[in-house]
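**Student:** got a sequence here, can you build the structure:
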Amino acid sequence: MTTVSRREILAGAAATAAAVGLGFPKMSFAAETGTLTIAQSYDPRSLWPNDFTAQEMLNVANAITESLCWGDPQSGQIKPILLESFEQTEPTKVVMKVRPGIKFTNGEPLDADAVVNSLAVFADVKQAPAYGFFGSVIDKITKIDAMTVEMTTKKPYPAIGLLLAQVYITPPKYWAAAGVDGFRTAPIGTGPYVLKEWVRDSRLVMTPNAGYWGGAPKGISELVWRPIPTDMSRAAGLQAGEYSIGTNLPISSAPALKSAGLQVIAVPSFRIYMLTFSMLPDEPGPLHDKRVRQALNYAVDKQAIVDALFGGQAKVLNGQVLRPQQIGYDSSLTDYAYDVDKAKALLKEAGYADGFEIQFKFPSGRYAQDREVAEAVSGMLSEVGVRCKMVALEAGEFLKQLDTKKLGPLGMMGTAPADDPDAMVAQFRSTWRYSYIQNPELDMLIDAGASEIDPAKRAETYKKIGQMMREEAYALYLYQGVDFYGASPKVAGFSPRGDQRYLLSGISIA
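**Tutor:** Numbering: from 1, shown residues only. Model (predicted):
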């Protein structure tokens, strides 16, 4: 694969931006037919929401199976969905009142039994494999009465509302009969839609749930999900009227979409982008040396990438994984400066004066302009003698290798966990399924932050984590993104969050 030098990034990006609006046919607005068609980068692997943390799969599955709570994108507060209320009565206890009058689409009632069963499933890593760091907090689940449940945690947990927002509720009798394997392809929930048809890697079709407790969606007779791997194809199809909503669009497509009368929605993203460095014992190599990891950080001009590929709208990370809005963000930390000479000096000091060759895996079609970013990084690394063997992974294969810790020794990823510092830093704990780091001291700090109730003490713990991770260069810190969406002017109520999640229950066609 061709690498791109720092100087070539700017010219290449300018050419892309200049060409992006050309040749798109006139739009006819698919939304006018009553079919809401959403174009995203890949097809789900499963329709069981607690199988994964990938937002695009969660959005599909959440149309059928709803969670106990939801993070409101406008207020940032956790609000009840299938709960009427919840109250943390003690540092380790929360009492939940189930919303009355709701039934699953198979006729089973939403009640305390359904919530107890779903919480037990959530706490079982075999049935909810992607949520171990949340589920492991749960100690005991007790039915108080027909519509009340008490949950006890093993330790004080400050993000209890966020935990409840990850728990998806299933009908207990159906779950017992179908199991997790059956639910993955034939889900039953309380949500606004029901599954009609699923043609793998082509389309996933849903119809409105006529008995939905939140009211039928206005103007929508059918919901169609389309996997469209490339961001430019999603933008072109949106402008042509093939799709009602397009996700993860390139910023360069925004002017053409706006001039065509489409809605263009920019959302400051929770997602941060980095290169992961494998320090696993079974992947020995240069990245086990801190000096090499620091050198690679100095070798990449992150601001040039942000300016050229994202029009300056993304934000360079300040040498840390937390965002400025989060508890524990350290304003005293700064990014590794772009310094080729320092990078070369560190490589020489580590014994790699002539550089080295390394495999670099990256997604193609998972994130907006992911391939272009990977090529830019590879080009910059080549200028200090690090020769990347580039391996492009389509979105589905990338997620598979992410889940099985196969992106080493060098891999690009974007991560947007639930909006709490524990959810972010827990991904670097040695036992976490995405982590390529093995550091007991870091593990202890992560555990301490997860159970600290006092906000000031919690913030100090996360600052220590940030300082350690920055000094050790546990990642090549890139940028915090801005997510771009496009929608037909006929679509109303589309309100995505910073973690790329949105509720289907609020979307309608005028």
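
**Student:** help me confirm that Met151 comes into contact with Ser118.
**Tutor:** No - counting by Cβ atoms under 8 Å, Met151 stays clear of Ser118, with 11.3 Å between them. C-beta coordinates here come from the backbone N, C-alpha and C atoms, glycine included.

**Student:** roughly how far is stretch 327-338 from the heart of the chain?
**Tutor:** With Cα atoms, centre = their mean, to the nearest Å as the basis, stretch 327-338 stands 22 Å off its chain's centre.

**Student:** first-to-last residue distance for that stretch?
**Tutor:** Its first and final residues considered, stretch 327-338 spans 28 Å by Cα to Cα, to the nearest Å.

**Student:** kindly report the same for stretch 76-91.
**Tutor:** Chord length of stretch 76-91, first to last residue, is 22 Å (Cα to Cα).

**Student:** buried residues in it, which are they?
**Tutor:** Under the neighbour-count criterion of 16 or more other Cβ atoms under 10 Å, stretch 76-91 has 78, 80-83, 86, 88 buried.

**Student:** so what touches stretch 120-135?
**Tutor:** Outside of stretch 120-135, the residues within contact range by Cβ atoms under 8 Å, 6 or more residues apart in numbering are 50-53, 136, 138, 141, 163, 166-168, 170, 175, 180, 403, 422-423, 426, 429, 432-433, 450.

**Student:** list only buried entries from the residues you listed.
**Tutor:** Neighbour-count burial (16+ other Cβ under 10 Å) applied to these gives 50-53, 138, 141, 163, 166-168, 170, 175, 180, 403, 422-423, 426, 429, 432, 450.

**Student:** in strands only, show me these.
**Tutor:** Among the buried ones among the contacts of stretch 120-135, the members falling in strands (DSSP state E) are 138, 141.

**Student:** which of the buried ones among the contacts of stretch 120-135 fall in helices?
**Tutor:** Using DSSP state H, the members of the buried ones among the contacts of stretch 120-135 that fall in helices are 163, 175, 180, 403, 422-423, 450.

**Student:** identify, from those residues, the entry nearest to Ser221.
**Tutor:** Nearest to Ser221 out of those is Trp175 (Cβ to Cβ; 29.4 Å).

**Student:** residues in contact with the closest one?
**Tutor:** Each residue near Trp175 by Cβ under 8 Å, 6+ apart is listed here: 117, 121, 183.

**Student:** can you tell me which of those residues is closest to Pro217?
**Tutor:** Phe183 (23.3 Å).

**Student:** surely that closest one is within a helix?
**Tutor:** Yes - under DSSP: H, G, I helix; E, B strand; the rest coil, Phe183 sits within a helix.

**Student:** surely it meets Thr170?
**Tutor:** Yes - with contact defined as Cβ under 8 Å, Phe183 reaches Thr170; the gap is 6.7 Å.

**Student:** picking that back up, and which of the contacts of Trp175 is nearest Arg291?
**Tutor:** Using Cβ to Cβ, Val121 comes nearest to Arg291 of these, at 45.9 Å.

**Student:** can I get the helix or strand that closest one falls within as CSV, trimmed to CA atoms?
**Tutor:** Remark: Val121 resides in helix 112-122, with elements defined by DSSP states H and E. Provided in CSV are the C-alpha atoms of helix 112-122 (Å, rounded to 0.1, in the frame of the first residue of the first chain):
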residue,chain,number,x,y,z
ALA,A,112,-39.8,-7.2,37.9
ASP,A,113,-39.3,-10.8,36.7
ALA,A,114,-38.2,-9.6,33.3
VAL,A,115,-35.8,-7.1,34.9
VAL,A,116,-34.4,-9.6,37.3
ASN,A,117,-33.8,-12.1,34.6
SER,A,118,-32.2,-9.5,32.3
LEU,A,119,-29.9,-8.2,35.0
ALA,A,120,-28.8,-11.8,35.7
VAL,A,121,-28.0,-12.3,32.0
PHE,A,122,-26.1,-9.0,31.9
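
**Student:** mean confidence for it?
**Tutor:** Mean per-residue pLDDT for helix 112-122: 97.

**Student:** what's the first helix or strand after it?
**Tutor:** As assigned by DSSP H and E, the chain's next helix or strand after helix 112-122 is helix 132-135.

**Student:** pLDDT of that next one, averaged?
**Tutor:** Mean per-residue pLDDT for helix 132-135: 80.
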